[in-house]
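Colleague: need a 3D model of the following:
(chains A and B)
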Amino acid sequence: DQQVKQNSPSLSVQEGRISILNCDYTNSMFDYFLWYKKYPAEGPTFLISISSIKDKNEDGRFTVFLNKSAKHLSLHIVPSQPGDSAVYFCAASGTDSWGKLQFGAGTQVVVTP
Amino acid sequence: EPEVTQTPSHQVTQMGQEVILRCVPISNHLYFYWYRQILGQKVEFLVSFYNNEISEKSEIFDDQFSVERPDGSNFTLKIRSTKLEDSAMYFCASSGRGNQPQHFGDGTRLSIL
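Modeller: Presented below is the predicted three-dimensional model:
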């Protein structure tokens, strides 16, 4: 099942710089998108979400951008901090199946001093 | 901050045995979910539950699996006659409404021997 794809398995970024994580989807019925962060031995932690009626949502250092025509979303983290080192998952759900989150494979982010 | 709690953190079971994974969702949440993550694979949806019945289930959630909300606080996943391929991390999640972010517990690592 490749409905949600995160094509970059890893990302290394310097502390203080911007982290940009990307996610693509194929299902045109998806209308709600979320980003989760996961540390080892913990569950996914909700970061930020966006519905398809918007193209941008911001919460502190985190901004999610949605490009519906390209079926693409991205997460920007500015500025990146060492505590941001984690695996980031993109997830999506649709009007026909709102409770069923489809996850991407995740991107491992490492923030270096 | 309210959180989803799962017990046990690690369960080791012989193949063919029954196992019950337990979850306490966030107290005012109404929607409950189970997901699993096999090592090296994506997080996969198993089932959603609302108003004391299953809302949706994936093709993974066959007759071997069942869910229950036995009281006002617990939400359980039962796996009958476990198989080696049931070894995975099982995550419970809850949300206030169906189209609100799902909040995850830290998971139960299930090892089938």
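Colleague: quick one: contacts of stretch A:102-113?
Modeller: With contact meaning C-beta atoms under 8 Å, 6 or more residues apart in numbering or on different chains, stretch A:102-113 is reached by A:1, A:3-6, A:8-15, A:19, A:21, A:23, A:25, A:27, A:30, A:38, A:77, A:80-93, B:42-45. C-beta coordinates here come from the backbone N, C-alpha and C atoms, glycine included.
Colleague: now, those residues that are in strands?
Modeller: Counting by DSSP state E, those place A:4-5, A:10-14, A:19, A:21, A:23, A:25, A:30, A:38, A:77, A:86-93, B:43-45 in strands.
Colleague: now the element after the helix-or-strand element of chain A with minimal mean pLDDT, going C-ward?
Modeller: Lowest on mean pLDDT, DSSP states H and E among the helices and strands of chain A sits strand A:97-103, with a mean of 90. Next along the chain after strand A:97-103, taking DSSP states H and E as the criterion, comes strand A:107-112.
Colleague: wait, what's in contact with residue B:33?
Modeller: Going by C-beta under 8 Å, 6+ apart, residue B:33 touches A:99, A:101, B:45-49, B:92-95, B:102.
Colleague: turn the residues you listed into JSON lines, columns for distance to residue B:30 and neighbour count.
Modeller: Below are these laid out as JSON lines (distance: C-beta to C-beta, whole Å; neighbours: other C-beta atoms under 10 Å in any protein chain shown):
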{"residue": "A:99", "distance to residue B:30": "11", "neighbour count": "20"}
{"residue": "A:101", "distance to residue B:30": "17", "neighbour count": "27"}
{"residue": "B:45", "distance to residue B:30": "18", "neighbour count": "25"}
{"residue": "B:46", "distance to residue B:30": "18", "neighbour count": "22"}
{"residue": "B:47", "distance to residue B:30": "15", "neighbour count": "21"}
{"residue": "B:48", "distance to residue B:30": "11", "neighbour count": "26"}
{"residue": "B:49", "distance to residue B:30": "10", "neighbour count": "23"}
{"residue": "B:92", "distance to residue B:30": "14", "neighbour count": "29"}
{"residue": "B:93", "distance to residue B:30": "13", "neighbour count": "28"}
{"residue": "B:94", "distance to residue B:30": "8", "neighbour count": "25"}
{"residue": "B:95", "distance to residue B:30": "8", "neighbour count": "23"}
{"residue": "B:102", "distance to residue B:30": "12", "neighbour count": "27"}
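Colleague: what's the most distant pair in those residues?
Modeller: Greatest spatial distance among the contacts of residue B:33 (C-beta to C-beta): B:46 and B:95, at 15.3 Å.
Colleague: can you give me the helices in chain B?
Modeller: For chain B, no helices are identified by DSSP state H.
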